[in-house]
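# Need coordinates for the below:
(one chain, ligands or ions: 1)
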Amino acid sequence: MKKWIVGFLALALLGFGVARCEMNSGRELDDGGRTEVLSNAPHTPEAGAQPGDRKVSDPVGDTDTAAASGTSADARGDARAVGEGEGMDTLRLEERDIYKGELLLVNEEIAISPDFEAPETLLLYEHRELVQGFGLMDRSIRLTPELLERFTAMVEEAETDGVDRFLITSGYRTEEEQGELYRQLGAESAMPAGYSEHNLGMALDIGSSIGEMRVAPEGEWLREYAWEHGFILRYPEDKTEVTGVKYEPWHYRYVGLPHSAVMQQKGWVLEEYLAFLKEHRAMEAEWDGQRYHIAYYPLSETRSIRVPADGRYTVSGNNTDGVVVTVWE
Ligand SMILES: [Zn+2]
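Residues are numbered from 1 along each chain as shown. Take a look at the predicted model:
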């Protein structure tokens, strides 16, 4: 298995209130092979498009990117990106940007926003041609096409390591389905409607046909390598006091790279990662030879930011009060 190394070059601590910088970051990989590599994805923060693929395993990174300095409060406008010189655009942030993207935090205290747009999903049983390299626990399992693609790429790689008895045991759930599950299982084992990552379409429960995930090779493999594919073990055994959820060796959340690599490197769960960004505003990370600048902007302070005109960035809301902008070189 390849080992990707995440190097944290520096922690850019930005002065509050003065120059707000933007960081960059980057590329995400989606998965090896099935997804196309977009090294210069157009900026579509809404879609959270992540470019990237990784071919190089050594951190290189020496190119310094001039951090774009964010402009502060601008009037909200309809125009999202307004062309400006020097390869940078100004991106207008809107309230709805808080509620979309791959870093949305949903937990027992933070519900999915009414402004969250429910994703399109596929009923996998009716798309058997897409069920490759894993089994389905039942006929009701649905995933978004994006999550399916990323999961498929991940299990393809696991197969090369001889780990190939994956099952999807649960995928996307509507809030109604979540409410029903909550009524059946109770608060010990399920979140109320609107408080589950399954309602986001960015999480799935993964099983093994040969044993419990706590001990099965599939569980071990995922704990070691899922982060390389943009997934995180969302409720680790040693973080129950932070997540508020008992250890769930089956529940994986897609956050994309480089975020999954940062969390792996730092030993953070999503709550801790977003709290760090909120406190420090920005950080740099390096993954797979690519340097990323990652910065948090509260919408109460920032309504427009400078981003590379060629689209080397992503924007994700945090589901509470701001966005995380990731820019790469
Ligand atoms: Zn789950």
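
# Those residues of this protein touching the ion, which are they?
By C-beta under 5 Å from the ion, the residues of the chain that approach the ion are Asp205, His251. (Each C-beta comes from the backbone N, C-alpha and C, glycine too.)

# can you give me the helices in the chain?
Per DSSP state H, the chain carries helices over the ranges 145-160, 175-185, 217-225, 240-243, 259-266, 270-280.

# Counting by contacts, list what the fifth one packs against.
The one in question is helix 259-266. Secondary-structure packing of helix 259-266 (3 or more C-beta pairs under 8 Å, 6 or more residues apart in numbering; DSSP states H and E): strand 6-7, strand 231-233, helix 270-280, strand 282-287.

# same question, the longest one
Packed against helix 145-160, as judged by 3+ C-beta pairs under 8 Å, 6+ apart, are the following elements: strand 166-170, strand 203-208, helix 217-225, strand 231-233, strand 251-254.

# which of the helices of the chain has the lowest average pLDDT?
With a mean of 91, helix 175-185 has the lowest mean pLDDT of these.

# where in the chain is pLDDT low?
1-85 (pLDDT under 70).

# Show me this protein divided up by domain.
Domain assignment for the chain by automatic domain parsing gives 6-100+263-328, 122-254.

# Out of those, the one nearest Glu109 is which?
For Glu109, the closest of the domains of the chain is domain 122-254, at 7.4 Å, according to C-beta to C-beta.

# and that closest one, how far from the chain's centre?
Its chain's C-alpha centre lies 14 Å from the corresponding centre of domain 122-254 when counted by C-alpha atoms, centre = their mean, to the nearest Å.

# Buried deepest among the helices and strands packed on helix 259-266, which one?
Compared across these, strand 282-287 shows the largest average neighbour count, a mean of 26 (mean count of other C-beta atoms under 10 Å).

# Could I get the contacting residues of whichever residue of the chain sits closest to the ion?
Scanning the chain for the residue nearest the ion gives His251, at 3.6 Å (criterion: C-beta to the ion). Shown in contact with His251 (C-beta atoms under 8 Å, 6 or more residues apart in numbering): Glu197, Ala203, Leu204, Asp205, Ile206, Leu233, Arg234, Tyr235.

# one more time with 7 Å, if that's ok
Contact analysis of His251 by C-beta atoms under 7 Å, 6 or more residues apart in numbering lists Ala203, Asp205, Arg234, Tyr235.

# Out of those, which is nearest to Glu108?
The shortest approach to Glu108 among these belongs to Tyr235, at 11.2 Å (C-beta to C-beta).

# And the closest one, its phi and psi?
The phi/psi pair for Tyr235 (degrees, to the nearest 10) reads phi -130, psi 70.

# Would you mind confirming that Met137 is in contact with Gly171?
No - taking contacts as C-beta atoms under 7 Å, Met137 lies outside contact range of Gly171: 9.6 Å.

# returning to what we had before: and the helices and strands packed on helix 259-266: which comes nearest Thr90?
strand 282-287 (18.3 Å).

# Show me what that closest one is packed against.
Counting contacts by 3 or more C-beta pairs under 7 Å, 6 or more residues apart in numbering; DSSP states H and E, strand 282-287 packs against strand 6-7, helix 259-266, strand 290-298.

# Buried deepest among those, which one?
Of the helices and strands packed on strand 282-287, the one with the most neighbours on average (mean count of other C-beta under 10 Å) is strand 290-298, at a mean of 26.

# picking that back up, neighbour count: Met137 and Gly171, which is higher?
Gly171 (25 against 15; other C-beta atoms under 10 Å).

# Cool, thanks, talk later.
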